[in-house]
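S.K.: got a sequence here, can you build the structure:
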Amino acid sequence: MKKIIILLAVALIGASSISAQTTVQGQKVHKASTTFGAVGAHIGYAHWGTTLGLHGDFNANNFRGRAGFDLFFHPHDHSYHTYFGADVGFHYLINLIDGLNIYPIIGVGSGFGRYVDFHLGIDFGAGIEYNFSNGWGVFVDGKYNLRLIGDSVPYRSYIGVTKRF
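M.R.: Residues are numbered from 1 along each chain as shown. Next up is the predicted model:
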């Protein structure tokens, strides 16, 4: 799963570079979202296993908040168990080229499930995103979680899509 996420990140960066080089004069610039909100979905990998989730964004110029909900699928005793997670993160978008941004992440993450204790921690990480002019965007990000309460869930990585409105 980690190799797939890395390959997708490399493909995203390559496609973003080509797209930026073919920008036509007068085309609408879409550096950072000027809309207040966005919704999206993501897939990734966390310490507990594969994760699927939904997120909502709220934007203020180059600052963004993202609230996410995740389902983690973890093998346990020859079957898969589902765990739940939620996080709130704050990003500062740094524009590299038209539509391509990188961002640091700081936030709070939690998780719980049948075979694990409640978890609460502080997230630190970074991400990269590309925003298309039609309102869609794609991103890859990774987070390290500093445990405050409960089991250690040290890392999470995601690839996802977002639709701005």
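
S.K.: I'd say residue 66 and residue 55 touch.
M.R.: Yes - applying CB atoms under 8 Å as the test, residue 66 and residue 55 come out as touching, 5.4 Å apart. In short, each C-beta sits where N, CA and C put it, glycine included.

S.K.: which of those two has more neighbours?
M.R.: residue 66 (24 against 20; other CB atoms under 10 Å).

S.K.: doesn't that one belong to a strand?
M.R.: Yes - under DSSP: H, G, I helix; E, B strand; the rest coil, residue 66 falls within a strand.

S.K.: contacting residues for it?
M.R.: Residues near residue 66 by CB atoms under 8 Å, 6 or more residues apart in numbering: 55-57, 88-91, 107.

S.K.: what pLDDT does it get?
M.R.: What the model reports as pLDDT for residue 66 is 97.

S.K.: would you confirm that residue 156 contacts residue 51?
M.R.: Yes - assessed by CB under 8 Å, residue 156 is found in contact with residue 51 at 6.9 Å.

S.K.: which neighbours do those two have in common?
M.R.: 44-45.

S.K.: restrict the strand of greatest length in the chain to CA atoms and write it as CSV.
M.R.: Ranked by residue count, the top strand of the chain under DSSP state E comes out as strand 116-131. Output of strand 116-131 as CSV, limited to C-alpha atoms (Å, rounded to 0.1, in the frame of the first residue of the first chain):
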residue,chain,number,x,y,z
VAL,A,116,-8.0,-1.0,21.1
ASP,A,117,-8.2,1.7,23.7
PHE,A,118,-9.3,5.2,22.8
HIS,A,119,-6.6,7.2,21.2
LEU,A,120,-6.0,10.9,21.2
GLY,A,121,-3.0,12.7,19.8
ILE,A,122,-1.5,15.7,18.0
ASP,A,123,-0.9,15.4,14.3
PHE,A,124,2.1,16.9,12.5
GLY,A,125,2.6,16.4,8.8
ALA,A,126,2.7,17.8,5.3
GLY,A,127,0.9,17.4,2.0
ILE,A,128,0.8,18.3,-1.7
GLU,A,129,-2.3,19.1,-3.7
TYR,A,130,-3.2,20.0,-7.3
ASN,A,131,-6.4,22.1,-7.9
